[in-house]
Structure formats: structure tokens, C-alpha cells
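*Asks:* Prediction below, plus the sequence it came from.
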Amino acid sequence: MEFNVGVIKGDGIGPEIVTEAQKVLDKIAVSFGHNFIYKDILMGGCSIDATGVPLTDEAIADALASDAVLMGSIGGNTATSPWYKLPPEKRPEAGLLKLRKSLNLFANLRPAYLYEELKEACPLREDIIGDGFDMMIMRELTGGLYFGARETKEVDGVMTAVDTLSYNEDEIRRIAKRGFDIAMKRRKKVTSVDKANVLDSSRLWRKVVEEVAADYPEVELEHMLVDNAAMQLVKDPKQFDVILTENMFGDILSDEASMVTGSIGMLSSASLNETKFGLYEPSGGSAPDIAGKGIANPIATILSAAMMLRYSFDLDKEADAIEASVKKVLQQGYRTIDIMPQEADKRAAVTQVGTSEMGDLICKNI
Ligand code: NAD
């Protein structure tokens, strides 16, 4: 099959890690008989340098014309880069916000998976980790408290600030459907997280999620209050498959879940809209401190490419092949610098490799 992939290499380590993900996609193309046609799209600091703005209309049109977009990361050193002397709407990150808005990306997916070989980077106790955990945080991205009306004003001589948390049933239904679809591709369990004992928006959330669940009889649904979910993530993370939640709760829980897995260089992510389209990117930033040194970990970007195959192109076997290869390479003892063990004896038992060598090893094991 043939797919058009928009490629945003971006800034800092972006071009280095995306190059490795493309290498892996090309290996998949050869092994499984597909054709990935790439279109480079400028966004971020590199776009500012070339065009004066972080994202041009032409770049948005190119992204819209693609079947999916694979992205590295954007931005520079916020203290020293001239990009951060520009007004906020001209800075690199403004390009990403504009792109997310233009593509109506309302569902954010972040897997939190603990690799056996990287267990020691997990801050949880051995008995809690057990055989590891594998969950997916599905966060609503374009509604709720972060997008509601807000104001700060004086009321009866006292400064008062108001933020509005609003969701309508359509916004809840479309993300819930996405969550259940994803669960169908996994272990078929959805934990919907809310604060229905206090908030009206959560009570509507719960009602609509239950309506959607009726269309997915194979999927087990449970509801959990957000304060309990925050505790359960560190007490017993194994119980979760898909965590479905609104914007602010998802913001907090997805960071908590990613911390318990260890390295930022391993964490992929996807942002989806109502169609099959998605924007796939590593969870980390452009890491200007290590850019150009050939030592960045490309695995998060390679796993993001695997998510693209699974969720935008329905190529599950191909996505499985990439994920299995990453596991194999870790089992063989290869590590980039960020996932090297701390203790000397454990360091001696593994082999440190650079960005491009890691990409080559993952290709070789497909
Ligand atoms: P960062 O994630 O870029 O870096 C934090 C630390 O993690 C650094 O020590 C870095 O070397 C390390 N790191 C990150 N990715 C790594 C990888 N793949 N391999 C090995 N080590 C890795 O966060 P920051 O330093 O706060 O931000 C740097 C720039 O990135 C800023 O301009 C920020 O705005 C931008 N940023 C962009 C995105 C995005 O493109 N979606 C996300 C977050 C931050």
C-alpha cells in the first residue's frame, strides 16, 4: 500500500531522530511491500529562519494533504536562542499550537510501557512493578478548563480569578469513541477518570462514556475518581489498559504515568482527529544540549512511527514488528546514553551506541 507521510524534522535533535524513524519505515516498506512517500514540512525555529514565521499556510496545506504527519521536535534553548526574543505568537511553539488547531487534533495518546530491561529506571518498588505495565493515556486536548472563558477582576474590593471548565456531549462522545476504538486494539479495558462526585462536567462525561460503552460490549469499562487514579498509578499501574480522561486530568496523569517508566527518550505520542489522520511525535523536546552530537535516543520517534502505522494506516503487524525489534535490541544490551545504567557493573554488561547505530540495529532486527 502507498501512504503520504508529512515529515516535520524541526529543530535541535529533531532531524537526527526523525532520520532514524524514516530509516525504520523504509525497512518496513521493503519487508512488507509498502511505499511511504515523504513530504518535508518546515515548522518551528527552522521555519522562522527560512520564512520569518514558525508555520506558513503552505506548510499547513502540506500537512492537511498528508495521510499522517511524523514529527521530531521544535524549539531551541529558551534562554539563549534568538527565537525567544520574538513575540510569543512568532516563537517556534506557536507553530505547533497552530498546527494542532488547524488539524483539529482533539485526542492525545501517550503510552506508558515499562521495558523489562529498563526496570531500574522505574522509581517504583520491585514488588509493585512485577512483570511491568503497559497502559495508554487518552487525553482530551481541545476542551475543558484550558480552553474555557477566564478572567481576573476585582469583586467587592478583592481580586478574583475565574476559569471555566466546560464540555459538551459531542466533545465527550468523540474522544470516548476514540478511547474505545484504541482499547479494541489492546487489552479491551477502559478506565474513565473523572471527578463525578463534585463536578457537573464530570457527571456528563460519565453519562456519555457509558452511552458510548454500550456500542463496545467486548470492552470492560470502569470509572475512577481522579484523586484515586493518581494514587493507583503508583500503587498498582498494572491494572490499567486505556485511561480515558479530560484535558486537565490527562495533562497531570500522563506526566505521572510517563515518570514511572523512566526515560523521556523512550516515550512516543500521537494526536488524533475524527479521521484516520494523526500527528506522531516523541514526548520529549528538541534537547538543544545534545543536538548535533549523534547521541540522542531515537526510540521514542521510532515508536511514534509505529503508532502512526497502527492508528492512521491500520498496519498492526508492521507496528508489532517495530515494537518487537525495539524490545529485542534492548534485550541484546544496546543502549543510548540516556538509558545507560548508573552502576558500573551494570554498565559493563551493556553496549553504548549512538543515534544512527540504534536506528540501524532496530532495522536489522525487523
Ligand atoms: P527536552 O525534552 O528537550 O530536554 C530535557 C532533557 O531530556 C535534556 O537533558 C535532553 O538532553 C533530554 N532528552 C530529551 N529528549 C531526548 C532524547 N531523545 N534522547 C536523549 N535525551 C533526551 O526539554 P527542554 O530542555 O525543557 O526543552 C528544549 C526545547 O524543546 C525548548 O525549546 C522547548 O520549548 C522544546 N519542546 C518542544 C516540544 C515539542 O516539539 N513537542 C516538547 C517539549 C519541549
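*Replies:* Received the coordinates, thanks.
*Asks:* Show me the beta-bridge partners of the one residue sitting closest to the centre of the chain.
*Replies:* Central residue of the chain (C-alpha atoms, centre = their mean): Ser269, 1.6 Å from the mean position. Counting by DSSP bridges, Ser269 is bridged to Glu281.
*Asks:* pLDDT (mean, whole number) over the host helix or strand of Met358?
*Replies:* Assessed by DSSP states H and E, Met358 sits inside helix 355-364. Here helix 355-364 scores 98 as its mean pLDDT.
*Asks:* where do the helices sit along the protein?
*Replies:* Along the chain, counting by DSSP state H, helices occupy 14-32, 45-51, 57-64, 92-102, 126-129, 169-184, 200-213, 226-235, 247-259, 299-311, 316-331, 344-348, 355-364.
*Asks:* Buried deepest among these, which one?
*Replies:* Comparing the helices of the chain by mean neighbour count (mean count of other C-beta atoms under 10 Å), helix 299-311 ranks first with a mean of 26. No exception for glycine: its C-beta is placed from N, CA and C like everyone else's.
*Asks:* so how far is it off the chain centroid?
*Replies:* 10 Å (C-alpha atoms, centre = their mean, to the nearest Å).
*Asks:* Residue of the stretch 201-350 of the chain closest to the ligand, please.
*Replies:* Nearest residue of the stretch 201-350 of the chain to the ligand: Gly285, at 2.5 Å (C-beta to the nearest ligand atom).
*Asks:* what's the burial count for that residue?
*Replies:* Residue neighbour count, defined by other C-beta atoms under 10 Å, stands at 19 for Gly285.
*Asks:* pLDDT score for Pro88?
*Replies:* At Pro88, pLDDT is 87.
*Asks:* I figured it hits Ala94, correct?
*Replies:* Yes: proximity of Pro88 to Ala94 meets the contact threshold set by C-beta atoms under 8 Å, at 6.5 Å.
*Asks:* avg pLDDT for stretch 92-102?
*Replies:* Mean predicted confidence for stretch 92-102 is 91.
*Asks:* And for that stretch, what's in contact with it?
*Replies:* Residues outside stretch 92-102 that contact it (C-beta atoms under 8 Å, 6 or more residues apart in numbering): 11, 43-45, 47-48, 53-55, 59-60, 63-64, 74-76, 83, 88, 141-142, 271, 279.
*Asks:* and stretch 84-94, which residues are buried?
*Replies:* Buried residues in stretch 84-94, counted by 16 or more other C-beta atoms under 10 Å: 84, 86, 91-94.
*Asks:* For those, give me a markdown table that also has distance to Val326.
*Replies:* Putting these into a markdown table (distance: C-beta to C-beta, whole Å) gives the following:
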| residue | distance to Val326 |
| --- | --- |
| Tyr84 | 34 |
| Leu86 | 38 |
| Arg91 | 33 |
| Pro92 | 29 |
| Glu93 | 29 |
| Ala94 | 33 |
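*Asks:* So which of the residues you listed is the closest to the ligand?
*Replies:* Glu93 (5.5 Å).
*Asks:* and the residue nearest to Ile175 when sequence neighbours are not counted, how many neighbours does it have?
*Replies:* Among residues not flanking Ile175 along the chain, Glu140 sits closest, at 4.6 Å (C-beta to C-beta, 6 or more residues apart in numbering). Look at Glu140: counted by other C-beta under 10 Å, it has 28 neighbours.
*Asks:* can you start the count at 639 instead of 1 from here on
*Replies:* New numbering, starting at 639: the last item is Glu778.
*Asks:* Thought Asp808 was touching Glu778, still the case?
*Replies:* No: contact between Glu778 and Asp808 fails when scored by C-beta under 8 Å: they sit 11.8 Å apart.
*Asks:* okay, now the domains of this structure?
*Replies:* Domain segmentation of the chain under automatic domain parsing yields 639-751+901-1004, 761-898.
*Asks:* Would you pull up how far the longest one lies from the middle of the chain?
*Replies:* Here the centre of domain 639-751+901-1004 is set off from its chain's centre by 10 Å, with C-alpha atoms, centre = their mean.
*Asks:* Spell out which parts of the stretch 889-1004 of the chain neighbour the ligand.
*Replies:* 902-903, 919, 922-928, 934-935, 938, 976 (C-beta under 6 Å from any ligand atom).
*Asks:* Return the members of the residues you listed classed as buried.
*Replies:* Of these, these count as buried by 16+ other C-beta under 10 Å: 902-903, 919, 922-926, 928, 934-935, 938, 976.
*Asks:* Restricted to strands, list those.
*Replies:* Of those, the ones assigned to strands by DSSP state E are Glu919.
*Asks:* any chance of the buried ones among the residues of the stretch 889-1004 of the chain next to the ligand in a markdown table, plus pLDDT?
*Replies:* Listed next are those as a markdown table, based on pLDDT from 0 to 100:
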| residue | pLDDT |
| --- | --- |
| Ile902 | 80 |
| Gly903 | 85 |
| Glu919 | 97 |
| Gly922 | 88 |
| Gly923 | 91 |
| Ser924 | 96 |
| Ala925 | 95 |
| Pro926 | 96 |
| Ile928 | 97 |
| Ala934 | 97 |
| Asn935 | 96 |
| Ala938 | 96 |
| Asp976 | 91 |
